[in-house]
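Trainee: what's the 3D shape of this:
(3 chains)
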Amino acid sequence: MSTTPFSATAHTLAAERRESVAKGLLGLATALLVLPLVGIIGLLVVKGWPALTWEFLLTDPAAGMIAGGNYPAIIGTLWLIGVSLTISAPVGVLAAIYLNEYAGDNWLTRIIHLAIVNLAGVPSIVHALFGVGAFVLFLGLGTSILSAALTLAVMTLPVIIASTREALASVPLAFRHACWALGASRWQTIRHIVLPNSISGILTGVILQVSRAAGETAPIMFTGAAFYLPFLPASVRDQCMALSMHLFTLSTQVPGVPPAFPYATALVLLTLVVAFNLVSIIFRSYLRSRRKW
Amino acid sequence: MKASYRTSLAALTLVLAASAGCSGGDRQERTMIQNKGSDTIVNLAQAWAENYRRVKPEVGIAVSGGGSGTGIAALINGTVDLANSSRDIKPEEQESIRKANGKPAVEHVVAFDAVVFYVHANNPLNGLTIDQIACIYGEGGTCESWSQVGTEVPGCADQSIIRVSRQSNSGTYEFVRDHVLGKERDFKLGSRDMQGSKDVVDLVEHTPCAIGYSGIGYATDKVKALCVSAKEGAPCITPTVAAARAKTYPLSRPLYMYTLGDAEGAVKAYLDWIHTADGQRIVAESGFVPID
Amino acid sequence: MRRALPFSRFGERLIEAAIVLCGLSAIFFVIAIFLFVFLSGADFMLHRLDWVEFLTSAEWYPTSVSNKRYGTLALIAGTASVTGLAMLIAVPFGLGTAVFISEFTYGKAKEILKVVVELLAAIPSVVWGFIGLAMMNPLIIDLLNAPIGLNVLNGGIILGLMSVPIIVSIGEDALKAVPDSFREASLALGATRWQSVYKVLFPAARSGLLAAVLLGVGRGIGETMAVLMATGHAVKIPTSPLDSVRTLTATIAAELGETARGSDHYQALFAIGVLLFGITFVVNLTADLLVRGVRRK
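Mentor: A predicted model of the protein is given here:
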């Protein structure tokens, strides 16, 4: 083998080979991750499609929930995410504004940061325990959409705070400096410059959390969701059915359900959640491309 | 640019509000009855609730499961109108109800049921005595293998008995403990404790080594219902609606709804309707045993 | 900009007060959660619960007529085994994917992969539980000749798939935080990309990657619905991956509804809640300290 000064040595060739092997293995690992996702969605579609008719989406359950549709569950889920959003979004955004625009780098801020990290890591069943103890029993709200939505709001709060902070932080400091130099107060700066420039990032984070709230079961099981309701909820003091809870009961408690039904329910839930996520992702790449700084 | 974000926010809020508002259409005078409890009864309760809409459209019954324990706990907490239970209420529970609410729980029998022990369709076994079942399920029981009860199950690799049971909130669980194991004895740990009556049958359908218990209304053609003899040498009674009604099947039981104090108003009307031929027809359709 | 009127000064003060209040809300809620969960079980926990039995006995009989026992060892073993198996699956796949996405993909492919991982993260846990119940159960029975398909293996695979996205996204952040100069220096010295990864990047991003794994573990320990539906729910210390188990979270979810408010059983469940809160607190705290260490570089 000729060894011109620039040809690869055996050592280098071996390293290159190891690299290809590693790249192959890593690519395989990634593929093995993507495959289940595709497989799961595929299976849900294949098995649930036969039941997915307009009737399924728009009618009430009938004949002991083995016929009819999911309509009240869909409406219930929308109620839950609507109410929990109106609670957690303002609180979360304002909290993030405090942390990013007002708070100094002191012990209080560090404790708040700690609290947010821990709130984010609380298991969903502990949120359920808290919801039952605090909202259903202590505040006397009973099992209602309000209790369930409050529980969901506390659950989604930390991540909304974190993502809003990132959105606010991405607005360059120079913008704020320019504003202050012109004599504006802190709040005026936030309201007229910082918020409008970060609203899309904020919305992205909020939408993601909405999708998470739509899918949770444990926090709503004991605080507001019911197995079957003959009426749609008329106020936040009522209970509601929910897609996630419905999937759980269809697959574990209702006998004689046509096999396609739980698959179709899972599909509807998954579509709702994925739709929210895709909206958020598309929104995020749109705003990234439009950003002028 | 600012305007478009504001409009999209407004649009999002409007959509959510509209969908919530759409549902408020039902908002006439309506009474809600809270009905919670037994998972054995939950599907029957839901069928009743669905049908009662025909009879009295302005009365709605909110149905939830969770197990008989859940219903009675809700009665103690005062958060439910009708508690479904597949077992008797315990004296301590009555005491707690009286203490918390000032009045006792009143029992109403709404249907009958038989607790059936199911095995896989391929299992050649036909019946068991109560003692054998206690040996399988009870704490300290030594029956771990199908050969110990005199059978060999095809498709079951090691002939180990896989016990399928219910979680402790279930009235069916408590009924089996009280009437098969003997009140003072507990279940052997390590059984697969399922969420609901249907789960048990589902699991037994797919598991050749399994045995499980559930209500008679949950039978399917992919499982076999064992006959039960009260003791060694006694006739082995097959669980049927007739045998349950005649109480010849050793594990027949009434299904209850409990109210706080006597039933009144809409709740009383509902209970009365359940006892009519209309209500009891639904019991039969659900596979349970109607009151005659 | 409009001249500030006296009225709007007041309005501004009001809003700023609201902002500060909301800022403190996170602390309020964490403390509230801990207090409620602890206080709801305090009477039982402090006076009647035998903590040694609670943590070391495998006999969980809270509803026994004759002999109430509150031993959670089997439940802890259940949580530990399912989470352990999940991490065995999730860590190699998660870190591998994080490395692949971060170092070996570019542009459009990178974007698409990141979207796929996000979608995997978005799948609700009840759907995962349903998949375990309806799809993996018969699969495990058929492929492995197991007597039952709801077991540690089923729960572990499902939980693993659920935890991967967290490990991928935080792991990727950790790798991104390593300055490009490290990579460039390594390549300039003649190393291949892969050699740069395991000789330079891994050690540099080590604390961030560890944080990613810890957060995945925290997720696994706290998961409820998926394990409720997929693990077979048996109170027993597992001896093989094909055994059914019950986790701490599933126990609370299954039994909370049946307890009367304030009863011993109710309080025992809150005691488990305190245990869970404590474990995840420690895990998340450690992960956060590691990540803060990374960001400071």
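
Trainee: which SS state does C:Gly190 fall under?
Mentor: coil (DSSP: H, G, I helix; E, B strand; the rest coil).

Trainee: Report the contact partners of it.
Mentor: By Cβ atoms under 8 Å, 6 or more residues apart in numbering or on different chains, C:Gly190 lies in contact with A:Thr12. (Glycine included, C-beta is placed from N, CA and C.)

Trainee: mind listing the strands in the stretch 51-200 of chain B by residue range?
Mentor: All strands of the stretch 51-200 of chain B, identified by DSSP state E, counting those that start in this stretch, fall at B:59-66, B:82-85, B:105-120, B:127-129, B:162-166, B:192-194.

Trainee: so which of these comes closest to C:Ile33?
Mentor: Among those, strand B:59-66 comes nearest to C:Ile33, with 23.2 Å by Cβ to Cβ.

Trainee: elements contacting that closest one?
Mentor: Secondary-structure packing of strand B:59-66 (3 or more Cβ pairs under 8 Å, 6 or more residues apart in numbering or on different chains; DSSP states H and E): strand B:31-37, helix B:39-55, helix B:265-274.

Trainee: Adding mean pLDDT, mean neighbour count and distance to C:Phe277, write the ones you listed out as JSON lines.
Mentor: Output for the helices and strands packed on strand B:59-66, formatted as JSON lines (pLDDT from 0 to 100; neighbours: other Cβ atoms under 10 Å in any protein chain shown; distance: least, Cβ to Cβ, whole Å):
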{"stretch": "strand B:31-37", "mean pLDDT": "88", "mean neighbour count": "23", "distance to C:Phe277": "28"}
{"stretch": "helix B:39-55", "mean pLDDT": "88", "mean neighbour count": "24", "distance to C:Phe277": "29"}
{"stretch": "helix B:265-274", "mean pLDDT": "92", "mean neighbour count": "17", "distance to C:Phe277": "40"}
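
Trainee: can you list the ones you listed in TSV and add distance to chain C?
Mentor: Converted to TSV, these look like this (distance: least, Cβ to the nearest Cβ, whole Å):
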stretch	distance to chain C
strand B:31-37	8
helix B:39-55	10
helix B:265-274	21
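
Trainee: Using TSV, lay out those together with distance to A:Ile111.
Mentor: What follows is the helices and strands packed on strand B:59-66, written out as TSV (distance: least, Cβ to Cβ, whole Å):
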stretch	distance to A:Ile111
strand B:31-37	41
helix B:39-55	44
helix B:265-274	51
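
Trainee: Relative to chain A, which of these is closest?
Mentor: Chain A lies closest, by Cβ to the nearest Cβ, to one member of the helices and strands packed on strand B:59-66: helix B:39-55, at 4.5 Å.

Trainee: That closest one and chain A, any residue contact?
Mentor: Yes - on the criterion Cβ under 8 Å from any Cβ of the partner chain, helix B:39-55 is in touch with chain A at B:39, B:42-43, B:46-47, B:49-50, B:52-53.

Trainee: measure B:His179 to B:Thr142 for me?
Mentor: B:His179 sits 21 Å away from B:Thr142, taking Cβ to Cβ, to the nearest Å as the criterion.

Trainee: residues touching C:Pro276, list them.
Mentor: In this structure residue C:276 is Leu, not Pro. Counted by Cβ under 8 Å, 6+ apart, C:Leu276 has contacts A:123, A:125-126, C:221-222, C:248-249, C:252.

Trainee: Which pLDDT value does the model give it?
Mentor: Note for C:Leu276: predicted pLDDT of 90.

Trainee: all strands for chain A, in order.
Mentor: Secondary structure of chain A by DSSP state E: the strands cover A:61-62, A:67-68.

Trainee: now the strands of the stretch 51-200 of chain B as CSV including distance to A:Gly24?
Mentor: Supplementary listing: those in CSV, determined by distance: least, Cβ to Cβ, whole Å:
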stretch, distance to A:Gly24
strand B:59-66, 50
strand B:82-85, 59
strand B:105-120, 45
strand B:127-129, 57
strand B:162-166, 42
strand B:192-194, 41
